[in-house]
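>>> just to be clear, the model below is a prediction. Sequence and coordinates:
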Amino acid sequence: MTRTSRKPPRDPAQLSGKPLAETLEPSPVLHSETEDWTTSQDLTEYGLSFVPEVMQDLTLYLLANPNVNSSHLFRADILFDSEGILRTPREKAQSFALTGNANADVIATTGVFDGDEKEEDDEVGPIPAREVPGFSLSRTVVRRLVPRNPKLDRTLDQTCHFYEAETSPATGGREQHICRRSLVIYTPHITKEEEIPYYHPALRSLAYLYDYNTSPGSNTDPSSTPGEPPQDTIPGPGTLTLHTLLFPSLPITNRLERTLQALLNTQIRLARTTRLPTPSSTSPSTPQHLGANKNPLKDNILPQHLVQNTYTRLKAKYASDLCQNWVETTEPSKHVFEDLSIAAFLIELWRSMYGVVPEDERGAENPHTQDAATITATADAAVTAKFPGFVDVACGNGVLVYILFKEGYEGWGFDARRRKTWEIFPARIQTRLREEIYVPRPFHDAMMSKKIDSNTTAPHHPSTDTGEAGGVDAAVDANADAATDTDSDTDPFGVGIPSHTGQFPKHTFIISNHADELTVWTPLMAALLSPDSPSPFVAIPCCSHSLSGAKYRYPPPKPVASSLLRGKGEGEGVGDGEGVRQDKQQQQQQQQQPAAGDLKTLRKERQDAQSTEAGFLKSMYGSLTAKTKAVAEEVGFEVEKTLLRIPSTRNMAVVGGRRVTTQRWKEGLKEDESSDAGAGHIVEKVMAVVHRECQREGGVEAAAKIWIDRARGINKGPGMGKQRGSH
């Protein structure tokens, strides 16, 4: 099949082919006696069909996401909005802090800006607006452009002025056309050209002008067709033009010309896919001012700026040494930066859930600490009391465990195969990286009860203590002792290395980072760890496996438009059999048939639903993510999905029990009188899932045997079982 190429945003044949400097002409809109604004026919695109609302919505989206135009940028922080709609980093941080256990005042000032920035920089006023003849100023926004590498580039403040105009030029015909005009001027806060950072065009100011001609009888109400640009009965052509205010002393370089053309191309390309906001596409995490361009799964759990600034700090602290000392055959940069990104997410997540902060913020050197001496004296005890510890299942290269432990969070990790990377870590870290096999409790019990293996008594693994005494350190020490003993007590199934059933200290936070065979087991493991108070977890799916550990591609869930429009997802009806689910779906689809023959509306609703979920869910990765979420919900977890900002296409995280754990920590872990009854109910749910999912392999016993056989194969050397390079 011949692969069709993507249609370019602009037709190169319509360009003059001359250098931009030869085509510049004075701007008819902005040129004045004091400012030499210019434009060009090569910076103009005619015949666009986008209504002004589309361009306005896209402009607001790009205000906070300049990384779309420049890979050197992380984001833009909004410092001021005359309409008070776009939130500043401080407002975002305080809003998230109020829903968690982090200190609202500290979180609002921690990690928002780089260490060399002053807190009063938050109060940056706008540059005075220009008087533009025929236009009225409608809005003013100040943003701070944040670079990816603060060692190379500095932040840059920029004022964005929004203008509007509506003209009715006289015509000789019977109809009078109306021209709706939108103008946005971007002005950096600089005094000379040397202050322009590399990622910003070498301009004093840049402006986008969009003219849209309509007739009085055209339908230009954006609410007439929710989620789509309005359809005019007599389409009026739109014209997009770039206007530039150059530095007199700087020539127009090839780089500047390419940058301006790229900005224009990006604006047109994104406008083609821009959907206007509708009531169903907006939520607290996706406010209406960001429309439907903002992915609702991005930054829905934590503010973007907190995670990214923590990542920047971690990268500067650890990346160089980890990459230089890398001993695996795989490329170090991807794995190191990916684990740094995940560590940043977890650090900010735990700040919100438990109120714990990284080690750098616990000492007297922390500029945000109000009572440094007191906090320093009690830091270790406070952190131990607050944070329950973590376990990284299938920890792979161990980098994530290393970073989190160095940041002051107690925990450990295990994997079925020791990695060479473990040897580069300090001895104290190496004791927290164990070569062990996880045997799920249902599989362990099935194997022992049927006497499939020669052992007939259930083993007692030192790490199965679920009491509060000892905590993470006790579990790690016990595992270290067990590592030298592979007899029947620690290796009852002859795997070759110690095994355990996932009985970690109570409340342990479970990390499942590209854990493959353990992905779907993660919520079950968290529930069985302490059924009366299931542990929170984060699972980042990668490769798809069934509960037996065998490779398996889960079928995509089959949600209908009605369920998606109600806000329910792929976990709906997970306890039903396949036939029952199909009957329900057919019945729901029939109920959705319009009574008045409005097929267009129904088709539109279904297309909107499918465009956001169906494509993802049809993939193997999407189906695995949906399955993990559905299993977690079935055993009682409140589950959230979020897109992690990591250098991987496998970037969807399934977070379970966050809100419940946050509330319990806020209330001081009060025991529930009905916890025993609830625990029994959760165990029943877990076993129901295990029995159902293992039917395809012939039952729990057969699936357990497959699991053990695969575990034995992994430890017989390369060529036997799955050999993973890093995770």
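All right, it came through fine. Residues are numbered from 1 along each chain as shown.
>>> where in the stretch 251-400 of the chain is pLDDT low?
Across the stretch 251-400 of the chain, the ranges flagged by pLDDT under 70 are 277-294, 363-385.
>>> gap between the spatially closest residue to Arg712 that is not a sequence neighbour and Glu436?
In space, and not counting its chain neighbours, Arg712 is closest to Val495: 5.4 Å by Cβ to Cβ, 6 or more residues apart in numbering. No exception for glycine: its C-beta is placed from N, CA and C like everyone else's. Plainly put, Val495 is 9 Å away from Glu436 if you go by Cβ to Cβ, to the nearest Å.
>>> just Asp415 next, same as before
Distance from Asp415 to Glu436, by Cβ to Cβ: 8 Å.
>>> repeat that for Leu400.
Following Cβ to Cβ, the distance that separates Leu400 from Glu436 is 17 Å.
>>> burial check on the closest residue to Ala550 other than its chain neighbours, number of neighbours?
Leaving aside its chain neighbours, Ala550 sits nearest to Ile706 (5.8 Å; criterion: Cβ to Cβ, 6+ apart). Ile706 has 18 neighbours, counted by other Cβ atoms under 10 Å.
>>> can I take it that Ile706 is in a helix?
Yes - assessed with DSSP: H, G, I helix; E, B strand; the rest coil, Ile706 lies in a helix.
>>> what sits against it?
548-550, 697 (Cβ atoms under 8 Å, 6 or more residues apart in numbering).
>>> just the buried residues of the helix or strand harbouring Ser333, please?
For Ser333, the host element (DSSP states H and E) is helix 332-354. By neighbour count on 16 or more other Cβ atoms under 10 Å, the buried set for helix 332-354 is 332, 335-354.
>>> cool, stretch 436-456 as well?
Quick answer for stretch 436-456 (16+ other Cβ under 10 Å): 436-448, 455.
>>> ok, now stretch 698-713?
700-701, 703-708, 710-712.
>>> can you lay out those residues as CSV showing pLDDT and distance to Glu131?
As requested, the buried residues of stretch 698-713 are exported to CSV (pLDDT from 0 to 100; distance: Cβ to Cβ, whole Å):
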residue, pLDDT, distance to Glu131
Val700, 95, 77
Glu701, 94, 81
Ala703, 96, 75
Ala704, 95, 78
Lys705, 94, 80
Ile706, 95, 76
Trp707, 95, 74
Ile708, 94, 78
Arg710, 93, 73
Ala711, 91, 75
Arg712, 90, 79
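>>> what's the pLDDT at Met720?
Predicted confidence (pLDDT) for Met720: 42.
>>> before we move on, what about Lys18?
The model's pLDDT for Lys18 equals 94.
>>> use 130 as the first number for this chain going forward.
All set: I'll call the first residue 130, so the last point we hit is now Lys147.
>>> any idea how far it is from Leu202?
To Leu202, Lys147 is 30 Å away according to Cβ to Cβ.
>>> more crowded one of those two?
Leu202 (21 against 11).
>>> correct me if wrong: the more buried one contacts Ala193.
No - using Cβ atoms under 8 Å, Leu202 is not in contact with Ala193; the gap is 10.9 Å.
>>> where does pLDDT dip in the stretch 730-856 of the chain?
730-743, 798-806, 845-856.
>>> if you set the cut-off to 50 instead, what comes out?
Scanning the stretch 730-856 of the chain for pLDDT under 50 picks out 733, 735-740, 848-856.
>>> what is the end-to-end distance of stretch 521-531?
Chord length of stretch 521-531, first to last residue, is 11 Å (Cα to Cα, to the nearest Å).
>>> got it, and stretch 152-159?
17 Å.
>>> can you pull the buried residues of it?
Quick answer for stretch 152-159 (16+ other Cβ under 10 Å): 152-153, 156, 158-159.
>>> just the closest of those residues to Ser224, please.
Leu159 (37.7 Å; Cβ to Cβ).
>>> residue contacts, that closest one?
Leu159 touches 166, 259, 261, 314, 336, 372, 374, counting by Cβ under 8 Å, 6+ apart.
>>> of the residues you listed, which pair is most distant in space?
Going by Cβ to Cβ, the pair spanning those furthest: Val261 and Leu374, at 12.7 Å.
>>> the closest residue to Leu773 other than its chain neighbours and Val275, how far apart?
Spatial nearest neighbour of Leu773, chain neighbours left out: Asn780 (4.7 Å); criterion: Cβ to Cβ, 6+ apart. Using Cβ to Cβ, we find Asn780 at a distance of 20 Å from Val275.
>>> now Gly540
The value you get for Gly540 to Val275, if Cβ to Cβ is used, is 30 Å.
>>> any idea how this structure splits into domains?
Following the assignment in automatic domain parsing, the chain carries domains at 147-211+264-417, 517-683+749-843, 686-716+739-746.
>>> single out the most deeply packed of those domains.
Comparing those by mean neighbour count (mean count of other Cβ atoms under 10 Å), domain 517-683+749-843 comes out on top with a mean of 20.
>>> correct me if wrong, but Ser311 is in a strand.
Yes - counting by three-state DSSP, Ser311 is located in a strand.
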